[in-house]
Every structure is written in structure tokens, then in C-alpha cells.
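Next one to model:
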Amino acid sequence: MGGLMDSKILIGLAALVCLLLVAFLGPHEAPSPPRDQGELIAGGHFVLEQAGATVLDEEYTVFFHPVEGYMLLSQGELRTGGEVVSLAQQAQYDRDFLPIFYQLAAETSAGPQIISAQMGLTGLTMEVRIGAAHHEGVVSGAPNLALLDNNLIGHYAMLLMAIRAEALDREFTAAIPQALISLPARADGPNTVEFRSGAITYEGKQFDVHLGDTHIVLIEYEGRLAGLVNRTQGAVGYDAERFPDGIEVLGEEEETLPGNVVEEGVSFESAGLTLAGTLAVPTGSGSLPAALFLHGSGPVDRDGNAAGVPMDAYRQMAHGLAEVGIASLRFDKRGVGASEGDAATASMSDLLDDARAALAALRLQSKIDPSRVLLIGHSEGAYLGPILAGEDDQIAGLALLAGAARPLDEITRWQIETVLRQQGASEAQIQASLEQEDEYIAFVEGSTGEWADYSIEDLQAMLPWLAGEAAVQLLSTPLSLSWIREHYAADTEAALGRVTCPVFILNGEKDMQVPSAEGEAIRQILEASGNTDVVVQALPDLNHLLRHHPEEPSLIFRHIEEPVDARVIELLRAWAVELLAP
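As a prediction, this is how the structure comes out:
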């Protein structure tokens, strides 16, 4: 299920982990609502749109009872992965807007799901039920608590009411039952805002809500929630009863380039496809050194952004390099942004061909010195970079950011074990999950074709423990089966052993997708092959998306609205400047 705040981020390697976590779910009774709903005090009809398509249609009502507090009821339809999911939810709050219980019923093609939460002596207990299985999470010691479901706008109407009643501090904890997590949250405002619906412009109030790294703008008009803008995922919600033509927030500031950076569009051909990118060059003249950015996994654009995950790391690093006289090329992966092709069927080999074509296009640029070009690979790009550098002795240098020495299948096993240990799973549960992962790896390695060549029944015949919903998610992953198969089969040690150019390695100690120790393992492989021109950095409080992350590591990406950690850019460009000096 997707929605306002999709916790199943499909960037990097994390997309493969959640398939195994449903193995330890079991039955539990959901709470029942009070019998007397009270007086009807609010209601509306919300529509949520993303990229011009409706993803949620929800009708909600709010009742108030002088003893039992507030009750929120809603029902609607969520459109995700080509499926229409029916939703019905109820939430009870006390008179100070503290959540008492919550229940969401979702009817999916794989069967019913129940998501619930109930306040008790130890805190808010959250539960996800899929058939006869369940998994729980607890938010304890958080009296300043708001309940926010990933897929429902009605909860934001309640949040706005709580903020307006000053029943909730501006810094609070948000409980997300569907994801079984809690996030630090903050609400700023109100500020005056103008928005347009149809031909009419309105003046309302704007509240900025930050839920971890998700930035949600609440638009209030005449004392009620009129609209919602998810800045992080590019989704817009509105009250269709009052504003049937939708809403558009006015006065948005356009992004400007740093004064010393000029950008121009570049296109090039790869395997019959036209791919598009951006050449960032520092102002001035002369033959410039340059870098080619190699993307992390998934359908990401030239800046590293995917739907719902505005990473923006490659643009920030490109501008940082331009400040010290180094040009760069970053490009949309095939099937993403302005590039042709189908991202869902792109294999590792396809992406290598695209990277080779991008490298050739960069070297042909009139402003670029083709003898002073380096590769910067992040995440999956750190798998591709050594392959390119090993086959091209003209590469001036190779930077590996959040890269691994071990192949993808071994890194995924590490992810699963690490996540389960963090969640307090028993040794038996961990071993059972790893055994299932080994069966999944064996299936992938023996597979042919793409996901479209397999049905749910096919997958469940080969992987009997795979629940129906997990099978649906597996078939709809944006990573092609050939991509996974080729990564599992790749000999990463041999690829690193062929690299003879200088190498810069940077990993984060708060990275939950690739352990920071992989950087030192890469160094050992390089030096064993005779390459001693290697710099290794392991930065504390750095996560996989290259952000400063002082909290405990997590697969839920954090701090992506903040800039790339300044340490990353400073260390990278210091190495690059010394390496590429004429």
C-alpha cells in the first residue's frame, strides 16, 4: 500500500528486505469503538492526486462526545500498483485529541488486512494483521502524540484541529500504525497563503508539518482543512466538496543555480534509446576536468530522485564540484524523466550500457578534457563503477559512495538479519527468515525472463511461505528480475580487482543498507590486486542517502529534506581536486 507517506521506500537495496518480515505475524483481536458517536462537528470529501492521477478518494466525518471525546470515521478507495483497495477506518481520541484506538480495514486482491492501534498503560500498541498473521509495535512514553495513517487525509484534519486547539505541542511524536513506527514531528505556522481553485483565488492559512523527512503542507480555509500538499512525494489533496476544481498553492519559489554554475541539457543514444541529462560546468573557460554520476538503484532521475524520495544528492554534489572547477554529467535512467525506455525491465547489463554511453557523451563535450574524467558511483552505482573503470584505463579516478565489496545477495542477507535483530527477533526467527531468503536467492538465480513471466501462483509454488500480498508486491517491484539476477551473479571482487586508477571510498556508519565496514573490505581487495592509491572514509552519523543521521540507523530514510552532509562534499571534492589537477 502506498499513499501520503509510503514507508516501503524502493531506492537502493531496501526494497527486497520487507518481503521476509511478514513471516512472523500472528492473530490478535482489534479494539471495538464506543457505541455513542456523539455530535457531528466536521466532515469532507478528500481527493489525493499525484502526477495528475487520483490515488485516493476518501469521505470522512468527525463526531464529538462530551465524555468519550472525538471519533473520526472515513471510507474510501486507494489506487496503488494497478489495484483499487477499499479502505474503512475509525479512530477514537479523548477530549485532548490523544489517540485511544484506531482500526483500518483494507480489502486487497490478496485478502483483507487490518491495521489497528490501542492506547494502554505502556503506550500505544500498533498492529498489522494479514490473514491469521500479525506484527506489533509500541510507542511508549509519548503523551504528546498524533495518529497519522499513511493513506488517509482525515487524520490530518484531526491534526489541524488539535493544533488549533493547542492540545498538541508544536514538536510532537507521530505514530504511523501501518508502518509500525513513530517519527519525531514538528508543526510550524500558521502563515498566510494564497491558493487557487478554478478561476478563483483564496486566502487561507498554511501549517508546515514535518514528519521525520516528510514535509506536509496543510491549507486551512474558514477553519477547516481545505487542502494538503506533500512536498516530499509531490502529491496534492483537496476537499472536493468545497473545491471541486482542486487547489494550487501560489507563490512557490523557483530553484536558482549557484552563481558560479551553468547547466545545459545533454542527450545521447544508448541501445537505440535517447537518454537525457544535465551538464553542470563552472563559469569561465578552458578545458575542464569532469565527473560522471552513476545512480543508485531503482527508477531514479538525474538528481537521484524517485517518486516519494527527493534525494537530490547528485545535483548538490555536482554544484559542489563546480565550485572547485570540476564539471559533471548526471542523467535520467532509462524510462525515467526525459529518458526513453522502460525502467521496469532494465537489467544490470542495460544500465552498464547506458553508463558507457554517458561516459562517451561526456568526453565528447567541447568544454571537457577527456583525459581527466572520473566516475562517482553511489549505492548501485558503486557496483557499476568498478566494472567501467576496470575496462577503461583512461578513467582518471573512481569514487565509491555507500558501496559494497560483497554482492547484492550477501548484502540483502545482512540487511534482513540486522533489521530483525534491531526489532528484537529471536535467533530462531532470524534463522527462519534467512533460510527463506536463501530460498528466494536460489529462485532468482535459477529464474529466466522478467517478473511478468511469473504469476502469483508460480511464485507461491516455488516459495510456499510467500504470502499473497508479498507476492503481489514482489511482482510489482520497480527492480526487474533480470536486474536482481545479474546483481546476484556478479563477481564484485573480480571487478574491483581490475581497477587500477585511484579510488576514493566513503561509507556511513548509520547506513542500514550497506554496512560501513564494506569500505575497508573494498580497500583490501584493491590492495591485494596491487592498487594502493586508495582513500577510505567511514563517517559517523551518515546514512545511505548521504545525510547526517544522529539517531539510530533505520531502513526508513531520514533527513532527506536536509542537504547532503557537508562532510561528503568536502571530502569528495578535496580528493577530486588533488587528483584532477593539471
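
Following the chain onward from the helix or strand harbouring L48, which element is next?
In the assignment (DSSP states H and E), L48 maps to strand 39-50. Moving toward the C-terminus from strand 39-50, the next helix or strand (DSSP H and E) is strand 53-65.

and that next one, which strands flank it?
When pairing is defined by DSSP bridges, strand 53-65 lines up against strand 39-50 (antiparallel), strand 69-80 (antiparallel).

any idea which helix or strand carries P386?
According to DSSP H and E, P386 maps onto helix 381-391.

which is the next helix or strand following that helix?
Scanning onward from helix 381-391 (DSSP H and E), the first element met is strand 397-401.

Can you spell out which helices and strands pack onto that next one?
Under the contact criterion of 3 or more CB pairs under 8 Å, 6 or more residues apart in numbering; DSSP states H and E, strand 397-401 touches strand 368-378, helix 381-391, strand 503-508, helix 566-580. All C-beta atoms are positioned from the backbone trio N, CA, C, and that covers glycine.

Give me the contact list for it.
For strand 397-401, the external contacting residues (CB atoms under 8 Å, 6 or more residues apart in numbering) are 291, 374-379, 381-382, 385-386, 389, 499, 501-507, 519, 522, 546, 568, 572, 575-576, 579-580.

got the angle for that strand vs strand 503-508?
Using axes from the mean of the first three to the mean of the last three CA atoms, to 10 degrees, the inter-axis angle of strand 397-401 relative to strand 503-508 is 10 degrees.

Centre of the chain to strand 397-401, how far?
Distance of strand 397-401 from its chain centroid, counting by CA atoms, centre = their mean, to the nearest Å, is 23 Å.

which neighbours does that strand have in its sheet, and in what orientation?
In the sheet, strand 397-401 lines up with strand 368-378 (parallel), strand 503-508 (parallel) (DSSP bridges).

closest to L168 out of these?
If you check each of these against L168 by CB to CB, strand 503-508 wins as the nearest, at 33.2 Å.

Convert the C-alpha atoms of that closest one to PDB, please.
What follows is strand 503-508, C-alpha atoms only, in PDB (Å, rounded to 0.1, in the frame of the first residue of the first chain):
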ATOM      1  CA  VAL A 503      39.900   5.100  -5.700                       C
ATOM      2  CA  PHE A 504      38.000   7.200  -3.100                       C
ATOM      3  CA  ILE A 505      35.700   5.100  -0.800                       C
ATOM      4  CA  LEU A 506      33.100   6.700   1.600                       C
ATOM      5  CA  ASN A 507      30.600   4.800   3.700                       C
ATOM      6  CA  GLY A 508      28.300   5.900   6.600                       C
END
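
what sits against T125?
Counted by CB under 8 Å, 6+ apart, T125 has contacts A117, Q118, M119, E136, G137, V138.

count of neighbours near Y202?
18 (other CB atoms under 10 Å).

Pick the most deeply packed of the strands paired with strand 397-401.
Across the strands paired with strand 397-401, the average number of neighbours (mean count of other CB atoms under 10 Å) peaks for strand 503-508, which reaches a mean of 26.

what's the angle between that one and helix 566-580?
Using the same axes, to 10 degrees: strand 503-508 against helix 566-580 is 180 degrees.

Can you give me the domain boundaries for the chain?
40-249, 261-406+491-580, 409-487 (automatic domain parsing).

Now do the SS call for the closest residue to M512 other than its chain neighbours.
Leaving out its chain neighbours, the residue that sits closest to M512 by CB to CB, 6 or more residues apart in numbering is P553, at 4.5 Å. Recorded secondary structure, P553: coil (DSSP: H, G, I helix; E, B strand; the rest coil).

hey, which helix is longest across the chain?
In terms of residue count, the longest helix belonging to the chain (DSSP state H) is helix 427-445.

Distance from the chain centre to that one, please.
24 Å.

And the contacts of the helix or strand containing A280?
A280 belongs to strand 273-282 when assigned by DSSP H and E. Contact partners of strand 273-282, identified using CB under 8 Å, 6+ apart, comprise 260-269, 288, 302, 315, 318-319, 321-332, 334, 337-341, 354, 357-358, 361-362, 365, 367.

Could you do stretch 478-494 as well?
Residues outside stretch 478-494 that contact it (CB under 8 Å, 6+ apart): 10, 15-16, 297-299, 343-349, 351, 380, 383, 386, 404-409, 441, 444-445, 447, 449-451, 453-454, 525.

For the stretch 401-550 of the chain, which segments count as helices?
Applying DSSP state H, counting those that start in this stretch to the stretch 401-550 of the chain gives helices spanning 408-422, 427-445, 456-462, 468-475, 481-489, 492-497, 518-528.

which stretch in those helices is the model least sure about?
Of all these, the minimum mean pLDDT falls on helix 468-475 (a mean of 76).

So which elements touch that helix?
Against helix 468-475 (3+ CB pairs under 8 Å, 6+ apart) you get strand 111-120, helix 456-462.
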